[in-house]
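Participant: could you look at this predicted model? Sequence included:
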Amino acid sequence: MSNMEEHLVTHKKIQEQSTNTLINCLIDIYTEKNKNILNCDESNPRNTLKELFKRILTPLYLPVLILTTMILVLKSKESLLYTRYKIFTFIFGLFIIILSESSLGFINNNIYTSFILGFLPILLIFLVYFFLRLKLQTVKINY
């Protein structure tokens, strides 16, 4: 049994680190402070950025998908173009899923590029929300 303990990995992987530790790691990397944080690689912060993106920003694609399905409310089922509208909504939702999964591959060591990529789900939430809000506004009739 003592021989087995020599081969065990005793440090945490980056996926096992807390989000707060990962944020502190990035702050230390970009402010060039030298704190001893486990698995905080200053030469390649991409892994830390990817893990933070997975934890914080990927869940923001879920409201985009929910709002995308709400677009179906805009057309009546009796409408002649409802089938096309349903297919368009499906393709748009599929595009959002592909975008959310592939965006992890575009993260690099540049914090500004990663920030722009991280802003994308927030921008999509607002765009789809305001599109729905604009389409669902009722016309006020003055008597």
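Facilitator: Noted; the coordinates are in hand. Residues are numbered from 1 along each chain as shown.
Participant: my read: residue 125 touches residue 66, true?
Facilitator: No. In this structure, residue 125 is not within contact of residue 66 by C-beta atoms under 8 Å, at 9.6 Å. Placement of C-beta: from N, CA and C, glycine included.
Participant: among these two, which residue is more densely surrounded?
Facilitator: When residue 125 and residue 66 are compared for neighbours, residue 125 comes out ahead with 17 against 12, by other C-beta atoms under 10 Å.
Participant: show me what contacts the more buried one?
Facilitator: Neighbour list for residue 125: 60, 63-64, 67 [criterion: C-beta atoms under 8 Å, 6 or more residues apart in numbering].
Participant: can we see that at 10 Å?
Facilitator: Shown in contact with residue 125 (C-beta atoms under 10 Å, 6 or more residues apart in numbering): 60-64, 66-67.
Participant: number of residues surrounding residue 134?
Facilitator: 8.
Participant: before we move on, what about residue 19?
Facilitator: Residue 19 has 11 neighbours, counted by other C-beta under 10 Å.
Participant: I'd say it and residue 52 touch.
Facilitator: Yes. When contacts are counted by C-beta atoms under 10 Å, residue 19 is listed as touching residue 52 (7.0 Å).
Participant: what comes up buried for the longest helix seen in the chain?
Facilitator: Determined from DSSP state H, the single longest helix within the chain is helix 111-136. Buried residues in helix 111-136, defined by neighbour count with 16 or more other C-beta atoms under 10 Å: 114, 117-118, 120-121, 124-125, 128, 132.
Participant: same question, stretch 57-75
Facilitator: By 16+ other C-beta under 10 Å, the buried positions in stretch 57-75 come out as 57, 61, 64-65, 67-68, 71, 75.
Participant: tell me the one among those residues nearest to residue 104.
Facilitator: residue 57 (9.6 Å; C-beta to C-beta).
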